Every structure is written in C-alpha cells, then in structure tokens.
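Visitor: Please find the sequence and the predicted model below.
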Amino acid sequence: MALQEGTAAPEFSLPSTEGKDIRLSDYRKKKNVILYFYPKDDTPGCTQEACDFRDSARDFGEKDTVVLGVSPDPLLSHKSFQSKFKLPFTLLSDEKKEIIKKYGVWKEKSMYGKKYMGVERTTVLIDKAGKIYKVFPKVKVAGHAEEVLQAMEQL
C-alpha cells in the first residue's frame, strides 16, 4: 500500500523508549509528527540519520513537531542506541513489523546481489489533524533532516 499525501495516516500503537506504548492519536491536535522508519540501530546510515534529527531537534520543536523513529529492533537495542548518541526523541519498536508493513516500508532489498526483506528508509510527515502531509521514500541520509525542515515551511 502506497501512502497518499492528504489522506489519514494509519493509526499505530508501539512500545517506546519512554516505557509506554505510543499511539499516533496521542499527538492529534497537539503536534505534527515526523515518523521516520530506519533499518537498524547503531549502523552507519541509521546513526547519521538519527544524529541529524537530534541536531535539528530544537528547530523541529519550534515548529510544534515531535520526532519518532521506528525500526524492528527491540526496545533494549533502542534504549542503548538512544543513550549512546543522546537522542532527545522517542524510538518505537516494531518487532512484529506490523506498522512497518502498514506504512508500506517493508520491501525487498538487494545488497551484493543478494535479495532480502528489510525496512526501506522512509520518512512520513504527519500534520496535527493526523493527515499525511509529505512522504519521503527511499531517503538518502545526507541532508535529509534539513529537507524535512524545509518541507515544514508550508505546514
């Protein structure tokens, strides 16, 4: 299922590094949400992406926006990753890949000629009404946080 800008974002409830389940509806009418899907904690690309969002956290906060990172890693891995890189935002664990699949980011990938299933790095910007404002598929890490900030100028 391809995400459509202007449509309602799929609801979710996932365990978080805050020690409680987080639902998309928790932010409705309160905050915009940057929901970014990434393959694996503490790997080079994912670390760079997380640190870029960390370094832009103040800018996002000023725009009434919360950042939520989602991967299939377990909470213990997320907590270690969050602590190691001082990430000021919440990470969500989707070990069963239910939300990852619901958002259409579980894809066939290829590395060194070998095909496998994995998370396609994707960011979804959701407005306070719970609608998908912008989808960033197949994210290239370099400059991505800035790209998201620029997209928010119209939000």
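Guide: Perfect, I can see it now. Numbering: from 1, shown residues only.

Visitor: Would you mark the buried spots in the helix or strand harbouring residue 33?
Guide: For residue 33, the host element (DSSP states H and E) is strand 32-37. Residues 32, 33, 34, 35, 36, 37 are the ones in strand 32-37 that count as buried (16 or more other Cβ atoms under 10 Å). All C-beta atoms are positioned from the backbone trio N, CA, C, and that covers glycine.

Visitor: Can I get those in JSON lines including pLDDT and distance to residue 50?
Guide: Putting the buried residues of strand 32-37 into JSON lines (pLDDT from 0 to 100; distance: Cβ to Cβ, whole Å) gives the following:
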{"residue": "32", "pLDDT": "97", "distance to residue 50": "19"}
{"residue": "33", "pLDDT": "98", "distance to residue 50": "16"}
{"residue": "34", "pLDDT": "98", "distance to residue 50": "12"}
{"residue": "35", "pLDDT": "98", "distance to residue 50": "14"}
{"residue": "36", "pLDDT": "98", "distance to residue 50": "9"}
{"residue": "37", "pLDDT": "98", "distance to residue 50": "12"}
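
Visitor: how far away is residue 17 from residue 92?
Guide: 8 Å (Cβ to Cβ, to the nearest Å).

Visitor: where do the contact lists of those two overlap?
Guide: residue 78 (Cβ atoms under 8 Å, 6 or more residues apart in numbering).

Visitor: where in this structure is pLDDT low?
Guide: 1 (pLDDT under 70).

Visitor: Show me the strands in it, by range?
Guide: Under the criterion DSSP state E, the chain contains strands at 13-15, 21-23, 32-37, 65-71, 90-93, 106-111, 114-119, 122-126, 132-136.

Visitor: could I get the ones you listed as a markdown table with distance to residue 52?
Guide: Putting the strands of the chain into a markdown table (distance: least, Cβ to Cβ, whole Å) gives the following:
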| stretch | distance to residue 52 |
| --- | --- |
| strand 13-15 | 22 |
| strand 21-23 | 22 |
| strand 32-37 | 10 |
| strand 65-71 | 11 |
| strand 90-93 | 15 |
| strand 106-111 | 22 |
| strand 114-119 | 18 |
| strand 122-126 | 11 |
| strand 132-136 | 13 |
